[in-house]
Structure formats: C-alpha cells, structure tokens
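Visitor: Structure, please.
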Amino acid sequence: MQYEPIAHIENDFPTKFGLPRQSGLSEHLVSRIIMEPRYRDAEAFRGIEEFEYLWLIWAFAEMGKRAWSPTVRPPKLGGNKRVGVFATRSPNRPNPIGLTRVRLLGVAQTPQHGTVLTVGGADLMSGTAILDIKPYLPFADSVPGAAVGGYEQRAREKAAVKIPPEVAALFTEEQLQTLREVLACDPRPGYQHDAERVYGFAYAGYDVRFTAKDGVIAVLEAVREPRQRALNISESE
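Guide: I've put the predicted structure just below:
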C-alpha cells in the first residue's frame, strides 16, 4: 500500500516537544491546513462548513526508520509502566499514522493555496503531512463515559502557570492563551521531576524556557531565536 499526503499543517510549533499530547487540549491553538496542488479544487470541500469538527489522519514526521516495539512506556503514565503499543497513542507504531480531532474555524479560498482550512485544537507540529480529512459525527464517534485506562486521572490534572508580563507581551492574546493551555498540561514526561531543571521549547518564533515545581509551571523567559536543538523528548522509548 502506498499513500501520498494531501496537505500539510502550519502552526506555531516547529518541534515536537511542547505540543499538546492530544487533540483538543489547547482549543486556542490555531493551525492552517494547506492542500497539495492537486487537491485544491473547491468542489472537494463542498459542504464541509456544515461540520463543526473534523478528523485528520496524518503521518508522524519524526519516526524515520525507527523500529516499532510491542510495548512502550508512555511518559504521561509516569514513564515506568509498560503497556502494549496498541493500548496507547504512542508514535512508535508499526505504521506511524495518527488520528486527531480538530474544530473547523474557517474555510477560505486563497490565490496562492486554493482552499485553506483553519482549525483549532490540533496536536500536530508544523509541517506534518495530512493523509485524509473526514467529518466528525458525534452520534457515531462519541461515547460519553467510556473507559480510558489510566489516562482519566492524568487528563484532569492541571498545573498552575505563571508567565511574567514581559514575556506575555511578546505574544498575541490567542498565542498567549495557547501557551497557557499547553503549559497547564505540563509538557514534561511523567518521569521528569527535577525542580531545578530549565526546560524549553520552540513556539511562535521564540524559545520559551520554564521550570516546574510543586505543581507550578513558571516561565522564565522567551528568547527570540529558538535553539537549534530544542528539547525533544519522545513519547515512548
């Protein structure tokens, strides 16, 4: 089987570390879906604006030729518990594809890119290849109260976030809200507990540096030039 990308996504996250680990955790994270030239026909999108949410099927960008493992240790479960790869959202899979639910914010016809979709809540780094787009159907796709293993408690845990005014002033209101949502979910792996360590990730043209201690994520600074090797901790070993 051979597949080709139909589009790619553009947003403020050029690297993996710092991204929301699941879709919808940062609804203020706005992305644009840029279609490949052969898929820019407006007819292919007729009626799409009638849907509030979409599914994106996409390819993990940083897996390369890495061999898959039957078990992984998800960082958000503490990094010590081994579970089967098919019981996780780990990128280390036989076929490195992902599934993401996004909110459709706008559909625009542009001279340069044809039809462009603006979406909110994606968990994809900028440049990720999109393989397909499908409408989200609540009556078929949503099961309220379904069991979610050990992730339920983790999903409820939110860190307090402190961003100094001089850093907040560097971002638009929407970018700042996204930054708060991302940090509140604590982007560190679950096994990282060093209160003195300074972490950093590339966001909106800045290297955002922070510490984490006693349930508080404190931003220290945002440097204009992101580091060439931003901290990028894999979702699994």
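
Visitor: For the residue lying farthest from the centre of the chain, give me the pLDDT.
Guide: Of all residues in the chain, Glu43 has its C-alpha farthest from the mean position, at 28.8 Å, by Cα atoms, centre = their mean. Listed pLDDT for Glu43 reads 96.

Visitor: start at 57 instead
Guide: Done: numbering now begins at 57, and the last item shifts to Glu99.

Visitor: helix, strand or coil for it?
Guide: helix (DSSP: H, G, I helix; E, B strand; the rest coil).

Visitor: And the helices in the protein?
Guide: Applying DSSP state H to the chain gives helices spanning 194-197, 207-212, 221-224, 229-240.

Visitor: In CSV, list the C-alpha atoms belonging to the longest one.
Guide: When you say that, I think you mean helix 229-240. The C-alpha trace of helix 229-240 is given here as CSV (Å, rounded to 0.1, in the frame of the first residue of the first chain):
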residue,chain,number,x,y,z
GLU,A,229,-3.8,37.1,23.0
GLU,A,230,-4.6,33.9,21.2
GLN,A,231,-1.0,32.8,21.2
LEU,A,232,-0.8,33.6,25.0
GLN,A,233,-3.9,31.6,25.7
THR,A,234,-2.5,28.6,23.7
LEU,A,235,0.8,28.9,25.7
ARG,A,236,-1.1,28.8,29.0
GLU,A,237,-3.1,25.7,27.9
VAL,A,238,0.0,23.9,26.8
LEU,A,239,1.9,24.6,29.9
ALA,A,240,-1.1,23.8,32.2
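
Visitor: so for that helix, what's the average pLDDT?
Guide: 94.

Visitor: Okay then, goodbye and thanks.
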